[in-house]
Structures are given as structure tokens and as C-alpha cells.
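> With the input below, show me the fold.
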Amino acid sequence: MRKKLPAIAGALLLWSAAGLAQSPAPAASANGVLRPLPLTEALELAETANPSLRLKTAELAAAEGLRNDAGALLYNNPQLSVDQTRRSVPQAGGSQRQNEWGAGLAQTFEVAGQPGYRREATGAALAALRLEIADVRRQVRAEVAERHYRVLALQQRAETEAQALKLFEDTAAAVQRRRAAGEDTRLDANVARVEAERARNQLAVVQEQLLDARNELAARLQLTSGSLPQAIGDLDARSGSYTRESLLAAVDAHPRLRALEQRENSASARLKLERASIYPDVTVGVNIGREGPGSSRERLTTLSVSVPLPLFKRNAAGIGQATTGLSQVQIERQAVLRDTRANIEALWSRLRSLDERVRRLQQSVLPALQDNEQLSLKSQRAGQIGLLELIVVSRQSLDARRDLIDALADYQSTRIALELAAGWPQEGTQP
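This is a model prediction of the structure:
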């Protein structure tokens, strides 16, 4: 009987310092069917089903319509007019009725370069919208990737806590049998039982967090009701293909900043358009008609030119609004550029810190704990330490593995945020 407790504790210690093995994917849970979901498939689903991306893409039709209208040969359509006159002419012995008609065609011409400014403004606005769609796509991919890694981390935490619960329960059962045989004290039995209950409570907490994370990921991917994702991937996948300098250099190609640049170009063109609208448009018309009595009808051809006089309304409101819009987008672009660079600096420092933390846990802490396990097993067999000391060592190993999983999850979250902020090519895309 005395050999059973060291065997159980030793198994616990050796397990808790083991590497991050991939947990198997169960087929179903009490809350719905689990769907195996690699990260690449999750990203594909995000691009096709995410409501935010679909709503942004739906704006393309309006922007393309404005661009097509601005590209027309003439912005103002010609005006066709037709009139029919029935005239009654008094004559001796009565009156004579005469039917007269006229037809005209008028066209308004913009004379201050408005068509070119309008095409420039709508073309830049369309280019900005496409870049904004690309930016929203990047945000959606980053959000889904972050949630996928969170589910993956919680799955590993749940597997860790489930194994810890089983081993602590086995330990508690063994101590209870030893106490019944008079070999262990009541204190030892209570400590073992409390550790088992703590492990059970910790498993329940992690399972609740995992359920919430799966539901959030399923909502982002628009998965059918009752189908929850089972994340598949490598939590320890770390990127080293970029440096701080390359990330900062990539900022200029960021879709958000390029979109703001196009918005600035569009606003500048609209300001030119509003200023050009001060100059009056010229309307040229041609009219033909037939007038007079039947014996001497006259054919009339009239050429007309009309120009509104810009005496009172000088389009001050339109120019003011366009000036405000240009100033606002310039300020926004400068602020986003400054904030983006500062965010990259902060995220880069955090990523380096997390990378060092992960390396310390993998290369220093876990090996030291494994060495402690071996020493504690030898000391327990020699009668130098008891159950409480074994539980302390096993608890340290369990906490170290939890710390490693949490550090890897934080690393992935920070890496994704850094690549998003810098406009760096994301997972599943080519540089």
C-alpha cells in the first residue's frame, strides 16, 4: 500500500511538466456538436460569412454608381421641350383656328473643369472604399484568429485540468485508504480531498470559459445553431520573419492609411469642384416651330444661350463643407499615422517580453520543476518528505503549465494585434 501513493504522485509530477501535447478533438459536447476547425478554414469562413465585412462590401454598388455617373460624357442630361398651340384668329364672319407647334433641345455645359474634378473625387472615393474593405477584412481575420487561438488555449487548459482532476482524485482515494489503514493522518486526507475539489472547481471554470469562447467564435463565423468549433492548430507557432524596423516600414502600405490618403485626395477634388461651381454653367438651346395661318405659315429656328448671374449665391456653404471635410480627413490621417507607429512600438515591446517569458518557461522553469520531481520522488521513497511536500511540487508543475499556456495565448494575441497594426501580411496570405 505504501508504494501506491508515490506512484500516483510521481505520475502527476511527470505529467504536469510534460510538453504541450495536442489534445484530441471530441465529437460532441452537452451544448452541441463540435466541428473540427483549423485556422485556415476559420479565416475562409470569416471572409465569406462575417456580417461586418459583408455590410462594408455592400457599399461598393453605391460608390461604383457615383463613379459611373461622374464618368459620363456630360454630367447634365439634355432637355427636350415640345409645345402645341391652338390659336383662334378673329376674321370677318367668324374666327379661324390655327395649330402651331414648337420643339426645342437644350444642353447645359460646365465650363470650369467640374467634370474632371468630379471624376477625380468619385474615383478616389471608390479606391478608398476598396481599401477600407481590405482593412475590415484584415480586422475580421485578426479577430477570428485571436478567438481561434483563445479556444485552442482553453482546450489545452481544459485537458490539463481534466488530467489534474483525475490524478488528484486518485491521490485522495489512495490517501483515504492509507488513513483507514492507519498509515496517514486526517490532515493528509483533508489536504488531498481539498486539492481534488480545487481541481474539480478549476476544471468547471475553464469549461465555462471554453464554452463562451466557442460561442463567440461560432457567432463571428455565422455557424449554424448547435454547432460549436473545435479549434485545431499549434498554440506554440511563433513568427520571427519580421523586425521592428520592417514593421514600421510596412506602415505606409497599411490599407487604413492608404484609404485615408485616397479620402484626402477625394476631399481635395471635391473642394476644387465646389470652388469651380462658382462659375455659372452655360445652357445652349435650339428651338424650331411653325406659326401663322395656313396660307402663310412661318418656320422659326431659335438659338438661345442662358447664363445664370452669380450675384448673390456664391456656393459659400458647399465650399465651407468641402474645406471642413478636407481638414478633418487630413487631421485623421496624421493622428492615425502617429497612433499606429506608437502602437507598433508598444506591441513590439510586449511581444518581445512574451517571447522571453515563453522561452524561460520552456527552457528554465519546466526543466527545473522536472528535476524537482525526481528529487521529491527520491526523498519521498526515503521517508524524508510527506504528502504535503509532494502536493506543493505537483502544484508548482501544474501552475507552470498553466502559465505556459496563458503566455502562449497572450503571445498569439499580441502577435496578431501587432501584424494588424503594422499592415503586415497575415496568416494565410502572401507578403
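> other SSEs contacting the helix or strand hosting residue 196?
Element membership of residue 196 [criterion: DSSP states H and E] is helix 186-221. When contacts are defined as 3 or more Cβ pairs under 8 Å, 6 or more residues apart in numbering; DSSP states H and E, helix 186-221 packs onto helix 39-49, helix 114-180, strand 227-232, helix 387-422. C-beta here means a position set from N, CA and C on the backbone, and glycine is covered the same way.
> ok now the shortest one, how far from the chain's centre?
Strand 227-232 has its C-alpha centroid displaced from the chain centroid by 20 Å (Cα atoms, centre = their mean, to the nearest Å).
> related to what we said a few turns ago, quick one, the helix holding residue 196 and helix 114-180 angle?
Orientation check (axes from the mean of the first three to the mean of the last three Cα atoms, to 10 degrees): helix 186-221 against helix 114-180 gives 160 degrees.
> mind listing what's buried in helix 186-221?
188-189, 191-193, 195-196, 199-200, 202-203, 206-207, 209-211, 213-214, 217-218, 220-221 (16 or more other Cβ atoms under 10 Å).
> just stretch 222-236 next, same as before
Buried positions in stretch 222-236, judged by neighbour count with 16+ other Cβ under 10 Å: 223, 228-233, 235.
> and residue 378, how many neighbours?
The local packing of residue 378 (other Cβ atoms under 10 Å) involves 12 other residues.
> And residue 283, by the same measure?
Count around residue 283 with other Cβ under 10 Å applied: 16.
> what's the answer for the one 4 residues further on, then?
Residue 287: 16 surrounding residues under other Cβ under 10 Å.
> which stretches of the stretch 301-431 of the chain aren't confidently modelled?
Filtered on pLDDT under 70, the stretch 301-431 of the chain yields the residue ranges 373, 376-377, 380-388, 428-431.
> whoops, I mixed them up, the stretch 51-200 of the chain
Looking at the stretch 51-200 of the chain by pLDDT under 70, you get 92-94.
> please redo it, this time with the cut-off set to 90
Applying pLDDT under 90 to the stretch 51-200 of the chain flags residues 51-52, 72-76, 83-102, 111, 160, 163-196, 198-199.
> so how far is residue 142 from the nearest residue to residue 222 once chain neighbours are set aside?
Spatial nearest neighbour of residue 222, chain neighbours left out: residue 49 (4.0 Å); criterion: Cβ to Cβ, 6 or more residues apart in numbering. Computed as Cβ to Cβ, to the nearest Å, the residue 49 to residue 142 distance reads 16 Å.
> do the same with residue 97
From residue 97 to residue 142 the distance is 80 Å (Cβ to Cβ).
> out of those two, which sits in the more crowded spot?
Shown here are residue 97 and residue 142; by other Cβ under 10 Å, residue 142 has more neighbours (21 against 8).
> quick one, what contacts the more buried one?
If a contact means Cβ atoms under 8 Å, 6 or more residues apart in numbering, then residue 142 has 416-417, 419-420, 426 as its contacts.
> Can you say which helix or strand has residue 320 in it?
Take DSSP H and E as the rule and residue 320 turns out to sit in helix 316-360.
> Next, the angle from that helix to helix 387-422.
Using the same axes, to 10 degrees: helix 316-360 against helix 387-422 is 150 degrees.
> and helix 316-360, what does it pack onto?
Packing contacts for helix 316-360, counted by 3+ Cβ pairs under 8 Å, 6+ apart, involve helix 244-249, helix 255-276, helix 387-422.
> Tell me how far that helix lies from the chain's centre.
On Cα atoms, centre = their mean, the centre of helix 316-360 falls 16 Å from that of its chain.
> Would you mind getting the angle between that helix and helix 255-276?
For helix 316-360 against helix 255-276, the angle by the same axes, to 10 degrees is 170 degrees.
> Need the per-residue pLDDT for residue 30.
What the model reports as pLDDT for residue 30 is 47.
> please renumber so the chain begins at 797
Got it, the first residue is 797 from now on, which makes the last one we talked about residue 826.
> Please tell me how far the residue nearest to the spatial centre of the chain sits from residue 871.
The centroid of the chain falls nearest to residue 935 when counting by Cα atoms, centre = their mean (2.1 Å). Per Cβ to Cβ, residue 935 is found 36 Å from residue 871.
> Residue 1188 now?
According to Cβ to Cβ, residue 1188 and residue 871 sit 82 Å apart.
> the more surrounded of these two?
residue 871 (16 against 13).
> Can you classify that one by secondary structure?
Of the three states, residue 871 takes coil under DSSP: H, G, I helix; E, B strand; the rest coil.
> so what's it closest to, chain neighbours aside?
Distances taken as Cβ to Cβ, 6+ apart put residue 911 closest to residue 871, at 5.9 Å, once the chain neighbours are dropped.
> How about residue 1119?
Residue 1119 sits nearest to residue 1067 (Cβ to Cβ, 6+ apart), 6.0 Å away.
> pretty sure that neighbour is in contact with residue 1116, am I right?
No - Residue 1067 lies out of contact with residue 1116 (Cβ atoms under 8 Å); the separation is 10.0 Å.
> More neighbours: the two, which one.
Neighbour comparison, residue 1067 and residue 1116: the larger count goes to residue 1067, with 22 against 12 (by other Cβ under 10 Å).
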